[in-house]
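In: structure, please.
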Amino acid sequence: MAILDVFINFIQVTMPPSDVIILTDPASDLSVHRKGITIYPIEGEYSRDKLMLQRIRSYITFLERKLQEHSQGQRLINHYIFTDSDIAVVDDLGHIFQNHQNFHLALTFRNHKDQPLNSGFIAVRGTPDGILRAKVFLQEILSIYSSKYMNASRMLGDQLALAWVVKSHPSFDTRRFTKAQAFVEEIGGASVLFLPCATFNWTPPEGAGQFHGMPLDVKASKLSTRPIFQPLLMSPVLKIEFLLSLFSQFITPHLKLMWMVEHQTWLPLEMLLIVRQKGQWPYWMCSLTSFK
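Out: Here you go, the predicted structure:
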């Protein structure tokens, strides 16, 4: 729950009107009593060795339900962002849909030969056409994942499947991954916006003396995978003061809190969905993570 609390608090600061819906295993005993948060169970296979597979299936299930709502006459357009819940969102992500008008879904990329794409951040335009094309795209990812990368079903298989689908498109130029600049490409009938991880899925560098603060243009940053954050995850006391020192230019003083993790009882799987409306740019965010 510690990472979940941190994630929610970052969202409440950077995107105050947000509501949070937690998509989770129906069998999980998850109880969150905070304003604007709802539990939303989704049936699936939630074992650790099928973790990443279930994440993609859950995304598809959610998009199918949104398509059904549109078919039943829903007129409100919401955009969606699926993201890992071990991310600190430090700026308003709704600008993605304002600044880039002609895409159906967005992925984050980095300059990596084998794993250039990251499934921890997927944006979907909330029009019926955008939802449908994103669903079909994710179904293709799931198909490739299941047929080619089941030996990596616990971790990384989703990234390998994403790379295979994108790189196998005849007109795609992988040299575009070498520059941290957004671009749009038609992939399998969908207009895909590629966003640089350096801005939208930034990971602090590893190694002593390599971390010198977070770049000012970062919109979202990974939290839990780097050594500098391990004390937050392993200690029974989660010290938000540490996060404040790292993200002080983004965080308001009222977040200077301390959570006590008395029993350190973690759920095997939980997925987080944020629903937001602000002016003309309502959007949703979804996240999936595993806790030991």
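
In: drop to CA atoms for contacts and neighbour counts, all remaining ones
Out: Noted.

In: neighbours around residue 99, how many?
Out: When neighbours are defined as other CA atoms under 10 Å, residue 99 has 8 of them.

In: in this protein, which helix or strand is least confident?
Out: Lowest by mean pLDDT, DSSP states H and E among the helices and strands of the chain is strand 258-260, with a mean of 30.

In: what residues are bridge-paired with residue 186?
Out: Note on residue 186: beta-bridge partners residue 191, judged by DSSP bridges.

In: now it: how far from residue 71?
Out: For residue 186, the distance to residue 71 (CA to CA, to the nearest Å) stands at 26 Å.

In: ok, those two, which is more surrounded?
Out: It is residue 186, of residue 186 and residue 71, that has more neighbours when counted by other CA under 10 Å, with 15 against 11.

In: hang on, that one packs against residue 173?
Out: No: with contact defined as CA atoms under 8 Å, residue 186 and residue 173 do not form a contacting pair (11.8 Å).

In: ok, now which ones touch residue 139?
Out: Counting by CA atoms under 8 Å, 6 or more residues apart in numbering, residue 139 touches residue 60.

In: residues near residue 111, how many?
Out: By other CA under 10 Å, 17 other residues sit near residue 111.

In: surely it is within a helix?
Out: No: Residue 111 is assigned coil when assessed by DSSP: H, G, I helix; E, B strand; the rest coil, not a helix.

In: so what's it up against?
Out: 177-179.

In: can you read off the pLDDT for it?
Out: Residue 111 carries a pLDDT value of 94.

In: next, find the distance separating it from residue 181.
Out: 11 Å.

In: again, but for residue 9
Out: The gap separating residue 9 from residue 181 is 29 Å, by CA to CA.

In: who's the closest residue to residue 126 other than its chain neighbours bridged to?
Out: Distances taken as CA to CA, 6 or more residues apart in numbering place residue 79 nearest to residue 126, at 4.0 Å, with adjacent residues excluded. For residue 79, the beta-bridge assignment (DSSP bridges) gives partners residue 283.

In: residue 79: neighbour count?
Out: Count around residue 79 with other CA under 10 Å applied: 23.

In: that one against residue 124, yeah?
Out: Yes: counting by CA under 8 Å, residue 79 touches residue 124, with 6.0 Å between them.

In: what's across from the most centrally placed residue in the chain in the sheet?
Out: Centroid-nearest residue in the chain: residue 83, 0.7 Å away (criterion: CA atoms, centre = their mean). Beta bridges link residue 83 to residue 121, judged by DSSP bridges.

In: now do it against residue 101, distance only.
Out: When residue 83 is compared with residue 101 (using CA to CA), they lie 21 Å apart.

In: got the contact list for the nearest residue to residue 87 once chain neighbours are set aside?
Out: Closest residue in space to residue 87, ignoring its immediate chain neighbours: residue 222 at 4.5 Å, by CA to CA, 6+ apart. Shown in contact with residue 222 (CA under 8 Å, 6+ apart): 86-88, 201-204.

In: quick one on the thing from earlier: neighbour count: residue 9 and residue 181, which is higher?
Out: Remark: of residue 9 and residue 181, residue 9 carries more neighbours, 17 against 14, as counted by other CA under 10 Å.

In: quick one: the strands in the chain?
Out: 19-24, 37-41, 79-83, 87-89, 105-109, 117-124, 183-187, 190-196, 220-222, 237-239, 258-260, 270-276, 283-289 (DSSP state E).

In: could you tell me the least trusted of the ones you listed?
Out: strand 258-260 (a mean of 30).

In: in stretch 47-62, what counts as buried?
Out: 48, 50-62 (16 or more other CA atoms under 10 Å).

In: same question for stretch 68-82.
Out: Of all the residues in stretch 68-82, those buried under the rule 16+ other CA under 10 Å are 70, 77-82.
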